[in-house]
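Q: Return a 3D structure for these sequence lines:
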Amino acid sequence: MLQSIEDLKGIPQLIHEVEAQRGELAEKIQGHNSPGDDLLDDFDMLDAQLAKAAADVVQARSTADVKALKEKYGNLAILEQLDSLFTREETKQAQKHALVKVQNIYDSMAAQQEANSAQLELWHEDIKQALAEVDPDLGAQSGVYVRFTALLTQEAAVLSEELKTLLLNANWDATQFSVVDAVATEHLRDLSNRLYRLWQLQLPEPDSNSIWNFECIANNFKIKFIYHFNNQAVQEPQSVEMYFKFLDKYLDQNLFKCVDIFQDPSSSSSMTQELVHQQFINHILNPIREKVSSTLLKNPEISSDQDLKTLIALISQIFIIDNALIKKHLYYGHGLIAMIPKSILDTWHQFEIEASISQFQKIIKSPLEKSGVDFCKLLQNLYAYFEPFFHIDFDELMDYKIKITNRIFMGLPNRYRENLLAVKDDQATSYTDEAQFKQTLWKLNNLELIMSLLKDLETKLTFIQITNYVNIATSSDYSTVLSDVLDSYEDTVIAVKDSVIHRIKKMLNMSLRNYFKLNEWALVTSEPHQCSAELIAPLSLSNRLIGTMDSFDLKPHTTLSVKNEVLNIIIHYMLDYVVNLNKFSEMGFVQLQLDYNALKETLSFPHVSIPQNAEEGAFLESLKVLELRYKRSQTNKQFLSKSYIDRREFSAFRDYLQIKYSTDSELANAMYRLI
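A: Below you'll find the model as predicted:
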């Protein structure tokens, strides 16, 4: 196998050995009979081809030659080896050539004590070209970067000092400075652009954390900030708040003025309006960053509860400041939050979770009448508190956003629901049925209250963004991260609403027992003007129950659903225990209708209609059929015969009485009672 370029010298000897072996083989073949002649011819042809290939290989001197041979002979092992050797050799030659060029550039720079912008730009271009196709580390190894940087920073320092002095003397950030002064503005812009172009020449790449012209532009603010706050350490979160108020006022007065002065409208310039806007804010934040970092975040030991509270308040204030920079000043770079270590964020996160749970535990110990409203207020306050944190677009915060959403805005509602269901309606023997009913209504009220809040929260941009992130990260398709919580609440609302209906049914059943025992309906002869005496207590009970329910702030569709179900219960009671078990005189039948209407009236439907629902429609139609007993006519007789009823063809009868809701079975049952 070929290991180096020197191995190529052995190829002629290899060819000589192949030719010798070929001669021996030819002599052996000549000893065979004539059928071997064709084989010999084939071998001669192959031998000629091999000789030609070997000669071509010997002539190869570069990767380009090898590439041509591969196209002619295919990917032979010898060609692969040659290709690898030539590639390494050409790389070494390129590096040697680059080093020579770099050394020449270095010698040129070493001979200079200083350099102007034009010369620096030429050197920069030469260095970049020399190292473009080789290892960029050669720049650092050769010392050319160091020398170039020394000359570059020397020239930049001169321009920086000139620009800082000019900016201070011009008082560009004072109210009396006018952007209309074209000469002064143009001079400031020109110096800034020149310094920015020097910053761009840094090798191997410019330092984006420190842009030289913007450091100069921010210098006026830095001096004013130090003057105001030099002796003040960040001992309280109010300190950071004071810093921001100072910064906020400064930006209000100077941000757009800065953009007007330093943006370069020429198409060839990189000094765009957006760049000036963002980097001006970024650089005037540096004094505040230094204050916060040096006084608190640099030494994050927490030795007391007060230290912890101060730390938490400080971080919360930083969230507020960064959020204000986004919303008010449209700053999208890294604010103060970017400087907070993960360990500090972990401490903040753990504290906030524990504090939220502590408040929650106090709430669930309070009565149902209070806990629902208090828990909603807690969730609302927590969202308002975390909103500045949620609105900061910083990748390192996403994990904390998901954890807080999970533990607080998903976890606490689930825990409240579970705790609410664990409260037994009949936990005390002293509870009356109505008291238990009211407690169940409080459960329903609180569930709906919290569910409404969760539905409002799921529309917030914060949770929409978290939902999108979770869906992408987990290949899921959640409509919202709160969907599981909302689903469980909806199921629980249905279950508790059914419990409300069950309690009303139970109490009405007991209250109506004396009414169900009435058996003198057929003896009533005078026209009634009020409900039966036995119905007074049930009516009073129903009024109280429905009045109690209406006093709660339940969803309209919930109360309407309950009332419809209670109406259906009343209808079934009237059918099963009164209508089907008794015979009625005409006035007794009137009394029945009057009693039913009185019961329905206690339900206080917001919009009364006749019928109120399909169940009532069928019930009233049954009463209409039974009323035919008291309206004798020839038409009635043709329908009220056993043969007609048995046929179950009631189309004509339905048209006659305008029947729409009753089934054939219901009609037949009512009609049989008349024959």
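Q: Okay, the most centrally placed residue in the chain and Ile337: tell me how far apart.
A: Centroid-nearest residue in the chain: Ile466, 1.5 Å away (criterion: Cα atoms, centre = their mean). As defined by Cβ to Cβ, to the nearest Å, Ile466 lies at a distance of 18 Å from Ile337. The way it works is simple: take the backbone N, C-alpha and C, and place the C-beta from them, glycine included.
Q: got it, and Asn597?
A: Asn597 sits 68 Å away from Ile337, taking Cβ to Cβ as the criterion.
Q: neighbour-wise, which of the two wins?
A: Comparing Asn597 with Ile337 by other Cβ atoms under 10 Å, the one with more neighbours is Ile337, at 19 against 11.
Q: Need the pLDDT of the more buried one.
A: Here the pLDDT value assigned to Ile337 is 91.
Q: ok, now which ones touch the spatially closest residue to it that is not a sequence neighbour?
A: Leaving aside its sequence neighbours, Ile337 sits nearest to Asp322 (Cβ to Cβ, 6 or more residues apart in numbering; 5.1 Å). Contact analysis of Asp322 by Cβ atoms under 8 Å, 6 or more residues apart in numbering lists 335-337, 388, 392.
Q: Tell me which of these fall in helices.
A: Pro388 (DSSP state H).
Q: Got a quick PyMOL command for the buried subset of the contacts of Asp322?
A: For the buried members of the contacts of Asp322, the matching PyMOL selection, counting by 16 or more other Cβ atoms under 10 Å, is:
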select buried, resi 335+336+337+388+392
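Q: any chance of the contacts of Asp322 in JSON lines, with distance to Asp399 too?
A: Shown next, in JSON lines, are the contacts of Asp322 (distance: Cβ to Cβ, whole Å):
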{"residue": "Gly335", "distance to Asp399": "18"}
{"residue": "Leu336", "distance to Asp399": "19"}
{"residue": "Ile337", "distance to Asp399": "14"}
{"residue": "Pro388", "distance to Asp399": "18"}
{"residue": "Ile392", "distance to Asp399": "13"}
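Q: Show me the two of the contacts of Asp322 that sit farthest apart.
A: The largest separation in the contacts of Asp322, counting by Cβ to Cβ, is between Leu336 and Pro388 at 11.7 Å.
Q: and Asn468, how many residues sit next to it?
A: Other residues near Asn468 come to 12 when the count uses other Cβ under 10 Å.
Q: List the residues that contact it.
A: Contacts for Asn468 (Cβ under 8 Å, 6+ apart) come out as none.
Q: which element is it on?
A: Assigned by DSSP states H and E, Asn468 belongs to helix 461-474.
Q: where's Cys376, which helix or strand?
A: Cys376 belongs to helix 368-390 when assigned by DSSP H and E.
Q: From the contact counts, what lies against the helix or strand following that helix?
A: Where DSSP H and E defines the elements, the next helix or strand beyond helix 368-390 is helix 398-404. On a contact count with 3 or more Cβ pairs under 8 Å, 6 or more residues apart in numbering; DSSP states H and E, helix 398-404 meets helix 342-364, helix 368-390, helix 461-474.
Q: Relative to His228, which of the contacts of Asp322 is nearest.
A: Within these, the smallest distance to His228 is 17.9 Å, found for Leu336 (Cβ to Cβ).
Q: residue contacts, that closest one?
A: Taking Cβ under 8 Å, 6+ apart, one finds 240, 285, 288-289, 292, 318, 321-322 in contact with Leu336.
Q: just Arg503 next, same as before
A: So Arg503 contacts 433, 436-437, 440 (Cβ under 8 Å, 6+ apart).
Q: Could you rerun that using 10 Å?
A: 425, 433-434, 436-441, 545 (Cβ atoms under 10 Å, 6 or more residues apart in numbering).
Q: same deal with His502?
A: His502 makes contacts with 437, 440, 565, 569, as judged by Cβ under 10 Å, 6+ apart.
Q: helix or strand for the third one, which one?
A: If you go by DSSP H and E, Glu565 is part of helix 556-573.
Q: ok, the residue lying closest to Phe650 once chain neighbours are set aside - how many residues close by?
A: Nearest residue to Phe650, sequence neighbours excluded (Cβ to Cβ, 6+ apart): Leu667, at 5.5 Å. Residues within reach of Leu667, counting by other Cβ under 10 Å, total 22.
Q: That's all I had, so thanks and see you.
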